[in-house]
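In: here's my sequence, what's the structure:
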Amino acid sequence: MALRTLRSLTRRSSNTFASLNGVPTPAASLKCSIWDVTFQRGDGVFEAVRVVQDRDGVPAPRAVGLHLDRLERSAAALELPLPPRGHLESWLRDASRNGGEGGYVRLMVTRGGGSPGYGHHLPDLDAPPNAYCVWQPINGDDSKKFALEPMTAPWHPAGFSRDWATIKWLAYGANMHSARLARRTGADDALLLARGHGVADDGPLSDRAVLDGPNFAVAWLEDKVLKVPCWRRLGMLESITARLLLDAAAAENFRVDEGVHRLADLDRADEVYVLSTTNDLTPVRSVGYASFKADPSSPARKKLVRAMADCALALG
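Out: All right, here's what the predicted structure looks like:
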């Protein structure tokens, strides 16, 4: 992979910024070889990082160290070589400065061609591994509220194998299909539930353990206690936004219950939230037939959002 010093961009689109291996490149000109096994099989890793203002008022990637830690864990699990960490951070910061606050940066790293069993016998493949860095705007709709449809995720490792857990790879087909199935019911997205954990395959959904969404984490408040599915026990990808939420809850002296929670437990929730790079702490108005208070201006949510911002700023 070519590693080059970042250059300032002289011209950029009003709604995006992109670079290829650190070289600013118009997003529409970015290409991925058809021989790249990441294109063919989704065998690559990525991160999505929210852009916020740092202490000097400069747009910067939020909690960039935590995101790079997770990227390195994902790449190590897949035996995928990465560019040096310093380059990756520099590319993320460059995209953040050029794109600005109000967006997020997606960093995608591909394997290239010639993997064992996938073209290694073809010497002339022009498919180098690449790192793509793209800034995109976030839809800043403060009134947004989610309706989630609960469903079992039979493809999810759910804690049964460490070899499959906690990897943020680019193969999100099953996640996207779950969201499509949820939208067919009239919901906005899916709430994924685990197989097993003491529940037979034909057992009721209400007894199943809550995991996360196709591309977000979930949390809820019950009688002033913050409930969060435990990624370690459930074999999920660690959510950086949920990590910030837990830090914020500790700073604001919320009681926290991070564990294995069942869908039926949500019946007692006072407020439910979706958490992600693009959604931060967004209220949920319903899960299946259960409805919840979904007030973006609720005192608890406002306190947690402020504390999350403070915690992220402290991380640099």
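
In: hey, let's count contacts and neighbours off CA atoms from now on
Out: Fine.

In: in whichever helix in the chain runs longest, which residues are buried?
Out: If you go by DSSP state H, the chain has its longest helix at helix 299-315. Using 16 or more other CA atoms under 10 Å as the test for burial, helix 299-315 gives 300, 301, 304, 305, 307, 308, 311, 312.

In: do the same with stretch 94-107
Out: 94-107.

In: just the ones of those residues in helices?
Out: The members of the buried residues of stretch 94-107 that map onto helices under DSSP H are 94, 95, 96, 97, 98, 99.

In: pLDDT and distance to residue 240 added to those residues, as TSV?
Out: As requested, these are exported to TSV (pLDDT from 0 to 100; distance: CA to CA, whole Å):
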residue	pLDDT	distance to residue 240
94	97	21
95	97	19
96	97	18
97	96	21
98	95	23
99	95	21
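
In: circling back: then the longest helix of the chain to PDB, C-alphas only?
Out: C-alpha atoms of helix 299-315 as PDB (Å, rounded to 0.1, in the frame of the first residue of the first chain):
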ATOM      1  CA  PRO A 299     -33.600  15.800  31.500                       C
ATOM      2  CA  ALA A 300     -31.800  12.400  31.700                       C
ATOM      3  CA  ARG A 301     -31.000  12.400  28.000                       C
ATOM      4  CA  LYS A 302     -29.800  16.000  28.000                       C
ATOM      5  CA  LYS A 303     -27.500  15.200  31.000                       C
ATOM      6  CA  LEU A 304     -26.100  12.200  29.300                       C
ATOM      7  CA  VAL A 305     -25.500  13.900  26.000                       C
ATOM      8  CA  ARG A 306     -23.600  16.700  27.600                       C
ATOM      9  CA  ALA A 307     -21.500  14.300  29.700                       C
ATOM     10  CA  MET A 308     -20.700  12.200  26.600                       C
ATOM     11  CA  ALA A 309     -19.400  15.300  24.800                       C
ATOM     12  CA  ASP A 310     -17.300  16.100  27.800                       C
ATOM     13  CA  CYS A 311     -15.900  12.600  28.000                       C
ATOM     14  CA  ALA A 312     -15.100  12.600  24.300                       C
ATOM     15  CA  LEU A 313     -13.300  16.000  24.600                       C
ATOM     16  CA  ALA A 314     -11.200  14.600  27.500                       C
ATOM     17  CA  LEU A 315     -10.000  11.800  25.300                       C
END
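
In: show residues contacting that helix.
Out: 54-55, 62-63, 65, 244-245, 247-249, 251-252, 281, 296 (CA atoms under 8 Å, 6 or more residues apart in numbering).

In: do the same with stretch 263-273
Out: Under CA under 8 Å, 6+ apart, the answer for stretch 263-273 is 193, 205-210, 218-223, 281-285, 290, 292-294.

In: kindly recompute the last result at 7 Å.
Out: Stretch 263-273 is contacted from outside by 205-210, 218-223, 281-284, 290, 292-294, using CA atoms under 7 Å, 6 or more residues apart in numbering.

In: quick check: mean pLDDT across the longest helix of the chain?
Out: Per-residue pLDDT over helix 299-315 has a mean of 95.

In: residue 178: which element?
Out: Using DSSP states H and E, residue 178 sits in helix 173-184.

In: list the buried residues for that helix?
Out: Quick answer for helix 173-184 (16+ other CA under 10 Å): 175, 178, 179, 182, 183.

In: and those as TSV, adding distance to residue 152 and pLDDT?
Out: Output for those, formatted as TSV (distance: CA to CA, whole Å; pLDDT from 0 to 100):
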residue	distance to residue 152	pLDDT
175	12	94
178	9	96
179	12	97
182	11	98
183	15	97
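
In: that older thread, are any of the contacts of stretch 263-273 buried, and if so which?
Out: Judged by 16+ other CA under 10 Å, buried ones among the contacts of stretch 263-273: 205-210, 218-222, 281-284, 292, 294.

In: re earlier: now, the contacts of helix 299-315 that are in helices?
Out: Reading helices off the contacts of helix 299-315 with DSSP H, I get 65, 244, 245, 247, 248, 249, 251.

In: where's the first one relative to residue 291, distance?
Out: For residue 65, the distance to residue 291 (CA to CA, to the nearest Å) stands at 37 Å.

In: more crowded one of the two?
Out: Ranked by neighbour count (other CA atoms under 10 Å), residue 65 and residue 291 place residue 291 first, with 17 against 14.

In: still on that earlier bit, return the closest of the buried residues of stretch 94-107 with respect to residue 257.
Out: Here the nearest of these to residue 257, counting by CA to CA, is residue 104; it sits at 29.6 Å.
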